[in-house]
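Enquirer: Attaching a predicted model along with its sequence, questions to come.
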Amino acid sequence: MSSTDERIGCPKCARQVLPRLWHHAGGRVTYMKTQHLCPFCGVVMYETGGRLRRGCWVLIAIFGLLFVAQLAVILFFRLTRTLG
């Protein structure tokens, strides 16, 4: 093997292989995901991509903060009614 050999070991069949790529299109929420497959046994060796887009993290944070704020208001009024 040369120093520029890009083969990796398959965890299932234990061969040194050059993975085949299988692309899954991303949607509005996620980036494209790529699976790296063993050409001999077909096992998914690892995956790259597929993470949430940047704007989605912002939306999740905003909705999470709104949910926490509503929960705090509900708990505040519930506690003040029982105590007072």
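Expert: It's in. Numbering: from 1, shown residues only.
Enquirer: Name the SS class of the nearest residue to Glu47 once chain neighbours are set aside, please.
Expert: Closest residue in space to Glu47, ignoring its immediate chain neighbours: Gln35 at 5.2 Å, by CB to CB, 6 or more residues apart in numbering. For every residue, glycine as well, the C-beta is placed using N, CA and C. Under DSSP: H, G, I helix; E, B strand; the rest coil, Gln35 falls in the strand class.
Enquirer: ok, Gln35 to His23 distance?
Expert: Using CB to CB, to the nearest Å, Gln35 is found at 8 Å from His23.
Enquirer: in which helix or strand would I find Val68?
Expert: Val68 is part of helix 54-83, with elements assigned from DSSP states H and E.
Enquirer: Domain-wise, how is this structure divided?
Expert: Domain segmentation of the chain under automatic domain parsing yields 1-51, 53-84.
Enquirer: got those domains as CSV, with mean pLDDT columns?
Expert: Below are the domains of the chain laid out as CSV (pLDDT from 0 to 100):
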stretch, mean pLDDT
domain 1-51, 88
domain 53-84, 84
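Enquirer: and those domains as JSON lines, adding mean neighbour count?
Expert: Shown next, in JSON lines, are the domains of the chain (neighbours: other CB atoms under 10 Å):
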{"stretch": "domain 1-51", "mean neighbour count": "12"}
{"stretch": "domain 53-84", "mean neighbour count": "10"}
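Enquirer: Can you report phi and psi for Trp22?
Expert: Dihedral pair for Trp22: phi -130, psi 120, per degrees, to the nearest 10.
Enquirer: Tell me how far it lies from Leu52.
Expert: To Leu52, Trp22 is 21 Å away according to CB to CB.
Enquirer: How about Leu59?
Expert: In terms of CB to CB, Leu59 sits 9 Å off from Leu52.
Enquirer: try Gly64
Expert: Distance, Gly64 to Leu52, by CB to CB: 13 Å.
Enquirer: In contact with the most centrally placed residue in the chain, which residues?
Expert: Of all residues in the chain, the one closest to the mean position by CA atoms, centre = their mean is Arg51, 4.4 Å from it. Under the criterion of CB atoms under 8 Å, 6 or more residues apart in numbering, the neighbours of Arg51 are Thr30, Tyr31.
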